[in-house]
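Sequence and computational prediction follow.
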Amino acid sequence: MKHLRSLTAVAEVARSGSIRRAAERLNITPSALTRQIQDIEYELGTPIFERLAQGMRLNAAGELLARHIRDQAADLDRVRSQIADLSGVRRGHVALACSQAFVTRMIPEEVETYRAQFPQVAFTVQVRDHVQAVAALVSFEADLALILQPPPSAELHALYAGRQSLCALMRASHPLASEDGPIRLRDCIAHALALPDRSLAIRHHIEQALARRGIEMRATVESGSLEFLRNVVLREDVVSFQVPSGIPDDPRLRSRLIDARDLEPMSVVLAQLRGRLLPVAASKFADQLAARLNRQIAAA
């Protein structure tokens, strides 16, 4: 354990880029931290940091050590969780990265359900869309990622894969809210639009479909926050686009599925890092979440 703490110090210096900042976060003196780094470099027989005017940066040997540190920390979490299982008390921690579309209802409900049974399990939920969610898995910041339209990646191992249609979202008094059933994309873009920005997969999905038809769309309002866009929809006669999982039950809002002739459903993937053995708590939560996705998206 002491050796692992020394390795954790290396990871903190790499993250901070500074001995002083890392020492503050670790609550030790800079000189003590410097000695720890020097001891590790002596054991390895090589420097692991480049000392620059701007701070500290891992060299090639340091990058190899950093990956080993992440693997060791993940293995220790898994062992702790398994030991807790042996005693009949489910402890542990679940780190989840998920697209904004799932943080309104699905993830809070599933965390509540899990913690009602295992109250000693803690959760960290990071809102990460698209590429950022995959990066969180690769860096071991997250055990699991629930992603809308993930980019192709050999690093991902899918625990669940499904599809969800995109909806046009408007307030109940909007002209397009007066009809039922699917809506054509051309009817939506004839109105003022409140669009997700290009950091979100929804925007790319719509633009690709319109590009095949040689059509452009212009945003009246643009944001990387789906919550902000929903609030704009409530205040103005604009149309936005979201998946059903992210739309709250609010009588002031109206949603209509985009016609399948215009837009294919988006992929929804629950994934972990390929080759990683998950901690027990994360593995059990993944099973629970996959079951919810199977029920909800299959019924949609």
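Looks like it arrived, so ask away.

If we go by neighbour counts, what in the helix or strand in which residue 288 is found is buried?
For residue 288, the host element (DSSP states H and E) is helix 280-299. Within helix 280-299, the residues scored as buried using 16 or more other CB atoms under 10 Å are 280-286, 289-290, 292-293, 296-297. To be clear about C-beta, it is placed using only N, CA and C from the backbone, and glycine gets the same treatment.

what does stretch 122-131 give?
Neighbour counts over stretch 122-131 (16+ other CB under 10 Å) mark 123, 125, 127, 128, 129, 130 as buried.

Stretch 37-47 now?
37, 40, 41.

now stretch 229-236
The neighbour-count check on stretch 229-236 (16+ other CB under 10 Å) flags 229, 230, 232, 233 as buried.

Out of those, which comes closest to residue 70?
Of all those, residue 229 has the smallest distance to residue 70: 35.2 Å, by CB to CB.

can you pull the pLDDT of that closest one?
Residue 229 carries a pLDDT score of 97 in this model.

now the strands: where do they sit in the stretch 201-300 of the chain?
221-223, 240-242, 253-257, 266-273 (DSSP state E, counting those that start in this stretch).

Let me know the average pLDDT across the second one.
By that I understand strand 240-242. 96.

What is that strand packed up against?
strand 167-171, strand 194-196, helix 201-211, helix 226-235 (3 or more CB pairs under 8 Å, 6 or more residues apart in numbering; DSSP states H and E).

Each with direction, which strands does that strand pair with?
Its sheet considered, strand 240-242 pairs with strand 167-171 (antiparallel) by DSSP bridges.

Next secondary structure after the strand it pairs with?
Moving toward the C-terminus from strand 167-171, the next helix or strand (DSSP H and E) is helix 185-189.

part of a helix, is residue 135?
Yes - under DSSP: H, G, I helix; E, B strand; the rest coil, residue 135 sits within a helix.

List the residues that contact the closest residue to it other than its chain neighbours.
The shortest distance from residue 135 to any non-neighbouring residue, by CB to CB, 6 or more residues apart in numbering, is to residue 128 (7.6 Å). Residues near residue 128 by CB atoms under 8 Å, 6 or more residues apart in numbering: 97, 98, 99, 135, 136, 142, 145.

I'd like to know which of those residues is nearest to residue 61.
Nearest to residue 61 among the contacts of residue 128 is residue 135, at 22.9 Å by CB to CB.

Counting neighbours, what do you get for the closest one?
16 (other CB atoms under 10 Å).

which helices and strands sit right next to the helix or strand residue 65 falls within?
For residue 65, the host element (DSSP H and E) is helix 60-86. Counting contacts by 3+ CB pairs under 8 Å, 6+ apart, helix 60-86 is packed against helix 2-16, helix 30-44, strand 92-98, helix 280-299.
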